[in-house]
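[1] Need a 3D model of the following:
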Amino acid sequence: MSAAAIEAAKTAARALRVRLAEAGTLVTHSEALEQVAHAAGARDWNAHRARLAALPEAVDPAGLRPGDRVAGRYLDRPFIGTVVGAAAEEAGTRLAIQLDAPLDVSRFARVPVVRRRLRGVLLADGRTMEATSDGLPHLVLTPFHDTPDGPKEIAQAS
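    Predicted coordinates for the structure are as follows:
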């Protein structure tokens, strides 16, 4: 369960409520939660919260350095790779990740879209601010460890 993603959505709702109040429009917290959910492409807050709860816990990217091994999901496809570039920025941590194996991110079988290297600015919760139309972050780092059989993503407890 991704408590950090749920808390981030609640924080966004609080900030929205303050902005609207400053503009003269009063809304309840639940109305602000619904607006945040709709902006993320969800039917309502309950559906949005369920989607966020299903996300794996993420890794804080701030401590990552070139050469570090990482795992995660890019456009909802699992990957394992090596950090080849890391730089702190005001918005988060800019990472470049060389994948262990090419990753086909196409949603259509006849149109391959293969990635060998990923780039993105990750926030402190290990996710990019950019998201797909259904609200999933483009890039999410997840915990993993190397084993004698190769790197394995750590299963998240529900």
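
[2] roughly how far out does the biggest helix by length in the chain sit from the chain middle?
    In the chain, taking DSSP state H as the definition, the longest helix is helix 3-22. Distance of helix 3-22 from its chain centroid, counting by C-alpha atoms, centre = their mean, to the nearest Å, is 17 Å.

[3] for stretch 39-57, same thing?
    Relative to its parent chain, stretch 39-57 has a centroid offset of 12 Å by C-alpha atoms, centre = their mean.

[4] can you check stretch 15-28 too?
    Per C-alpha atoms, centre = their mean, the centroid offset for stretch 15-28 relative to its chain is 27 Å.

[5] what residues does stretch 11-29 touch?
    With C-beta atoms under 8 Å, 6 or more residues apart in numbering as the test, stretch 11-29 has contacts from 32-33, 35-36. From N, CA and C alone the C-beta is placed, and that goes for glycine too.

[6] Buried residues, that stretch. List them.
    For stretch 11-29, a neighbour-count test (16 or more other C-beta atoms under 10 Å) marks 12-13, 16-17 as buried.

[7] ditto for stretch 98-115
    Applying a neighbour-count criterion of 16+ other C-beta under 10 Å, one finds 99, 103, 105, 115 buried in stretch 98-115.

[8] thinking the third one is in contact with Arg73, fair?
    Translated: Val105. No - assessed by C-beta atoms under 8 Å, Val105 is found out of contact with Arg73, at 10.6 Å.

[9] Quick one: end-to-end distance for stretch 65-80.
    Distance across stretch 65-80, first residue to last, is 15 Å (C-alpha to C-alpha, to the nearest Å).

[10] next one: phi and psi at Gly120?
    In terms of degrees, to the nearest 10, the main-chain angles of Gly120 are phi -180, psi 160.

[11] What's opposite it in the beta bridge?
    With DSSP bridges as the criterion, Gly120 is bridged to Leu95.

[12] What are the structural domain limits within this structure?
    Domain assignment for the chain by automatic domain parsing gives 3-54, 61-153.

[13] got the ones you listed as TSV, with mean pLDDT columns?
    Listed next are the domains of the chain as TSV, based on pLDDT from 0 to 100:
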stretch	mean pLDDT
domain 3-54	87
domain 61-153	85
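
[14] hey, where'd the helices end up in this structure?
    So, for the chain - with DSSP H - the helices run 3-22, 29-39, 45-54.

[15] so what does the last one touch, helix or strand wise?
    What that stands for is helix 45-54. Applying 3 or more C-beta pairs under 8 Å, 6 or more residues apart in numbering; DSSP states H and E, we find helix 45-54 packed against helix 3-22, helix 29-39.
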